[in-house]
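S.K.: what shape does this take:
(chains A and B)
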Amino acid sequence: MRRLIAIFGATMLVATACAGNTPTSSSAPNASTSAAASVTPVAGGRIVAGATGDPKTMQPVISTDTQSSFVWQWLYLGLTRTNYKTGETEPSLADKFEQSKDGLTLTYTIHPGLQWSDGTPFTAEDWRYTVHTVARSAKTVRKSTFQDIVGWKDYVDGKASSISGITVSNNGMTLEIKFAKVFCPATAAMGGAGGGILPSAAFKKVYDPYNTDTTKNIDDNALNMAPPASMGPFVFKEFKPGVQVTLTRNDKYFRGAPLVDEFVIKVYADATAIKNALVTGEVTYGTVEAKDYDEVKKVDSLQSFRYKTSTYNYIGWNAKAAKAPWLANVQVRQALWYGINVDAIMQKIVFGLGTQVYAHDPPPSWAYDESGLNKYKYDVAQAKKLLEQAGAKMGPDGIYQWQGQPMKMRIETNQGNNARETILQFAQEQYKAIGIQIDPLLESFNALLDRTDPGTDFEGFIIGWSLGADPDPYSIWHSSQQGKGQFNNVGYVNPTVDQALLDNRNGPDCSQTARKSALKKVDTALNNDAPYTFLYSADGLFFSNKQLQNVDPSTYSQTWNIEKWWFKK
Amino acid sequence: MGRFIARRLIQAIPTLFGVLLITFLLSRLSPADPVKLMLAGNSEVTVEDRQRLMDALGLNDPLPLQFVKWLWQLAHGDFGQSIYYHRPALDLILERIPNSLQLSLLALLITLIVGVPLGVIAALRRGHVEDHAIRVVSVAGHAIPQFWLGLIFVLTFAVQNRWFPIGSMNVVGEDCTFCWDRVWHLMGPVLVLSIAGIANLPRILRTEVLEVISQDYVRTARSKGLKENVVVAVHILRNALIPVVTSFGGILVIFIGGSLIIERVFNWPGLGRLTFEAAVSKDYPVVQAGVVISSVLLIFSYLLRDITYAWVDPRIKVR
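M.R.: Numbers count the residues shown, from 1 in each chain, chains lettered A, B, ... in the order given. Next comes the predicted model:
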């Protein structure tokens, strides 16, 4: 799940709500990792995690928010999952997954003997059912994930009673998916059925999708807020609006029943409240923002961990800005990168607990390769030289002029996000030193999203990305993605990048080596063209109760082995 | 009386319509739409998927049509479905009301128990130390913003000293309403909520008591040989309470609406917090349902106030 890092900024409060989809990292546990290996685990106890709101639904098909996925991720799993450290796709409910040589067929072999918490066998039919419910849902946002499956459109339009490209065979142990065209990220995306797999036996009682009636769907039914069965480590027990969701141990969990009895997701008003709850011991584990790191680290009852995250902050430059035509010039954008001291910004905001980034793929990703990338070391003279080479002339007031127009422009970001406000202050001061005047604008997150929709009425903006495990930056950098609501809002156009993005997506060679080489082309071009001033990727700062053993958080999952967590008495 | 109530209810219709229109327009005309916020820049969701969701939620209809549709639903007692929760907005609101009531009823009770005697004492001991002390406390209580007091309370007594919980209604694992755990959780928010009331009430009451105290009927009561506390309770206080009732006119709304700020600070799952979250995420149906219900309650509470006037002071006749 790739997202603009939203309202509360760089830190995800609930330990990675993005369920199964998460990519890689070099994890650097910073502290007392449990010496549990030699001690016999003790069963029992309760884990409490904090969330900043109620789940809106506990059913993945119509889920759009992190609070919801933070609940259903414990119940509904995928055929594959993301390795918590490397970000690579690995088996989960399926033992094996294979893509045919032509890339058009994907075959999964289901792990034998799997059971839902209610005792029903888990089969490939559960996956098939889930995808059919997505196709008919009016409130889902996952349809595009499946649109290349053969027979998809006929089914969506009500011309067929099922999707012909999906075959379940071998007593539900084999799943075969046929695609109309090659889509490399499919292996990662399909495994989770675009989220988690639903228990078809239970849901069929409220909605049967195998017909041509397109008016009915799974969107509104009681099971969406009362999950009937689970394949994950916990089973749904109770939801108290505004207070908490309680889950209990799933004794049938295929990786082994969890050692703890209960998992509670408690709702807090905001990140600060969760941090306070962590400090007082009410919450068992969670991540904190860099500004709180020192304070929380002093708490004796907590152990701390650090890992790289698949996020980054940046200043975006709109090449189509009507009021700042100079932003269309590569040398000007490079000057803007040289002209800002990213290292100083990182020290100020994350106290060095992060990594500077020079292109799109962040350090933990398997696609990351910084070799040959320009590091744009802070250099005022170089920045001015580039501006002059680009054709800017120094004006009498110390501000450069671009074809007679003073180089003044706006940079905007969302109010209340301390990190971004600080970046804006730095930008304002340091760009003045290279002869560019910045007019800072702080606005609500809503307004920022609205104003920076592709168009000509904004210049610079500070925001961030939180990226998924499988690198597919097509929607962010392809030149076709500049319509209303799309993500190439900086107006970036580079035919080499366009081609490389398609190679990464549509192969035909979907091997990691081939995709890595395509993505390297993208990163190299982005590093040179500087459509963003790429800033830094903040580390994940994770704390947990010291009694809690076997905790091993990393970039793509902090709770991948939760069934093995236990409390040392 | 019946005619009076009927007339007031009819008068309320244009007011309510105005409120509906303004709420509708304000929520629609501020930046960003709910789908954009919901997906907050999730680059994996395509424009087509977003458009489909907008269509399903009826957000692509022209504004006047959306307004008319909403009025039509309302006329049929349907407050619409929450965009986020996929559940009826009314259900969401109703399940939060009891939580808000616990907080505000208790806060009101404490305000009255502490505030009324303080007001009377200040008046009766006018110019004495007690009067000055109450005035100082009153001004201080009035000047301190509630959210600040709440935050300081949480920071000092919950995070640093752990005497109180940092918020919510029960500790995890407890699930009781009439128990020590709930009382313990109520203390912080109720205390902070009542302080504002306690700061306010004695000031109003003191002025009124002073005015009533010099009335002829009070002198008559005393000269009849009535005991001083009977004079204070029956003759002075009852008459001095009229402006207090006025100041509590919108009290029903405060009861139901809960205190938005206090509910957030103390993580209390009441209606105030729900409405705040709905407003931030632009969950139109929930915000609208909240406003409609509050408006109806406000109108109702003013009616109730007028009836109470008549009870407190029989000279006032409902016309």
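
S.K.: how close does B:Arg264 sit to B:Leu274?
M.R.: 11 Å (CB to CB, to the nearest Å). For the C-beta atoms, the positions are set from N, CA and C on the backbone; glycine is no exception.

S.K.: again with A:Ile149
M.R.: For A:Ile149, the distance to B:Leu274 - CB to CB - is 40 Å.

S.K.: looking at B:Arg264 and B:Leu274, which one has more neighbours?
M.R.: Set B:Arg264 next to B:Leu274 and count neighbours by other CB atoms under 10 Å in any protein chain shown: B:Leu274 wins out with 30 against 20.

S.K.: which helices and strands does the longest helix along chain B pack with?
M.R.: With secondary structure taken from DSSP state H, chain B has its longest helix at helix B:89-124. Helix B:89-124 is packed against helix B:129-143, helix B:180-213, helix B:251-257, helix B:260-265, helix B:271-280, helix B:284-312, with contacts defined by 3 or more CB pairs under 8 Å, 6 or more residues apart in numbering or on different chains; DSSP states H and E.

S.K.: now the angle between helix B:271-280 and it, please.
M.R.: On the basis of axes from the mean of the first three to the mean of the last three CA atoms, to 10 degrees, helix B:89-124 is oriented at 130 degrees to helix B:271-280.

S.K.: next, the buried residues of helix B:89-124.
M.R.: Applying a neighbour-count criterion of 16 or more other CB atoms under 10 Å in any protein chain shown, one finds B:89-90, B:92-93, B:95-97, B:99-100, B:102-104, B:106-108, B:110-112, B:114-116, B:118-124 buried in helix B:89-124.

S.K.: and what of stretch A:52-63?
M.R.: Quick answer for stretch A:52-63 (16+ other CB under 10 Å): A:52-63.

S.K.: near chain B, from those?
M.R.: With CB under 8 Å from any CB of the partner chain as the criterion, the buried residues of stretch A:52-63 include A:53-54, A:56-57, A:62 near chain B.

S.K.: for the chain, give me the ranges with low pLDDT.
M.R.: Just so you know, I chose chain A. Residue ranges of chain A with pLDDT under 70: A:1-38, A:193-194.

S.K.: chain B, not that one
M.R.: Ranges of chain B meeting pLDDT under 70: B:1, B:41, B:247-258, B:310-319.

S.K.: residue in the stretch 151-300 of chain B nearest to chain A?
M.R.: B:Pro269 (2.5 Å; CB to the nearest CB).

S.K.: state the distance from that residue to B:Gln73.
M.R.: 26 Å.

S.K.: so which of these two has more stuff around it?
M.R.: Neighbour count, other CB under 10 Å: between B:Pro269 and B:Gln73, B:Pro269 has more, with 24 against 15.

S.K.: now do the same contact list for that one.
M.R.: The contact partners of B:Pro269, taken as CB atoms under 8 Å, 6 or more residues apart in numbering or on different chains, are A:240-243, A:267, B:96, B:99, B:168-169, B:263.

S.K.: go through those residues and name the one nearest A:Val350.
M.R.: A:Val267 (27.3 Å; CB to CB).

S.K.: put together JSON lines for the ones next to chain B among the buried residues of stretch A:52-63, with secondary structure on each row.
M.R.: Compiled in JSON lines, those are given as follows (DSSP: H, G, I helix; E, B strand; the rest coil):
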{"residue": "A:Gly53", "secondary structure": "coil"}
{"residue": "A:Asp54", "secondary structure": "coil"}
{"residue": "A:Lys56", "secondary structure": "coil"}
{"residue": "A:Thr57", "secondary structure": "coil"}
{"residue": "A:Ile62", "secondary structure": "helix"}
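
S.K.: distance to A:Glu370 for those residues - can I get that in JSON lines?
M.R.: Listed next are these as JSON lines, based on distance: CB to CB, whole Å:
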{"residue": "A:Gly53", "distance to A:Glu370": "37"}
{"residue": "A:Asp54", "distance to A:Glu370": "41"}
{"residue": "A:Lys56", "distance to A:Glu370": "39"}
{"residue": "A:Thr57", "distance to A:Glu370": "40"}
{"residue": "A:Ile62", "distance to A:Glu370": "39"}
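
S.K.: between these, which is nearest chain B?
M.R.: A:Lys56 (4.5 Å).

S.K.: does the closest one really touch B:Tyr84, like I thought?
M.R.: Yes. A:Lys56 is within contact range of B:Tyr84, at 4.5 Å (criterion: CB atoms under 8 Å).

S.K.: shared neighbours of those two, which are they?
M.R.: In contact with both A:Lys56 and B:Tyr84: A:Asp65, using CB under 8 Å, 6+ apart.

S.K.: identify the residues contacting the residue in the stretch 151-300 of chain A that chain B sits nearest to.
M.R.: Nearest residue of the stretch 151-300 of chain A to chain B: A:Gly242, at 2.5 Å (CB to the nearest CB). If a contact means CB under 8 Å, 6+ apart, then A:Gly242 has A:54, A:267, B:96, B:99, B:269-270, B:273-274 as its contacts.

S.K.: over to A:Leu424?
M.R.: Counting by CB under 8 Å, 6+ apart, the residues that A:Leu424 touches are A:411, A:413, A:440, A:442, A:462.

S.K.: between those residues, which sits nearest A:Lys308?
M.R.: A:Ile462 (21.3 Å).

S.K.: tally of neighbours for the nearest residue to the closest one once chain neighbours are set aside?
M.R.: The shortest distance from A:Ile462 to any non-neighbouring residue, by CB to CB, 6 or more residues apart in numbering or on different chains, is to A:Thr413 (3.9 Å). A:Thr413: 26 surrounding residues under other CB under 10 Å.

S.K.: what's the answer for A:Tyr492, then?
M.R.: By other CB under 10 Å, 25 other residues sit near A:Tyr492.

S.K.: wait, isn't it in contact with A:Ala530?
M.R.: No. With contact defined as CB under 8 Å, A:Tyr492 does not reach A:Ala530; the gap is 10.0 Å.

S.K.: what's near enough to touch A:Tyr532?
M.R.: Counting by CB under 8 Å, 6+ apart, A:Tyr532 touches A:314-317, A:490, A:526.

S.K.: between all of these, which two are at the greatest distance?
M.R.: A:Ile315 and A:Leu526 (13.6 Å).

S.K.: what parts of the stretch 451-569 of chain A come near chain B?
M.R.: A:451, A:463, A:465, A:468, A:475-476, A:483-487.

S.K.: are any of those residues buried, and which?
M.R.: Neighbour-count burial (16+ other CB under 10 Å) is assigned, among these, to A:451, A:463, A:465, A:468, A:475-476, A:485-487.
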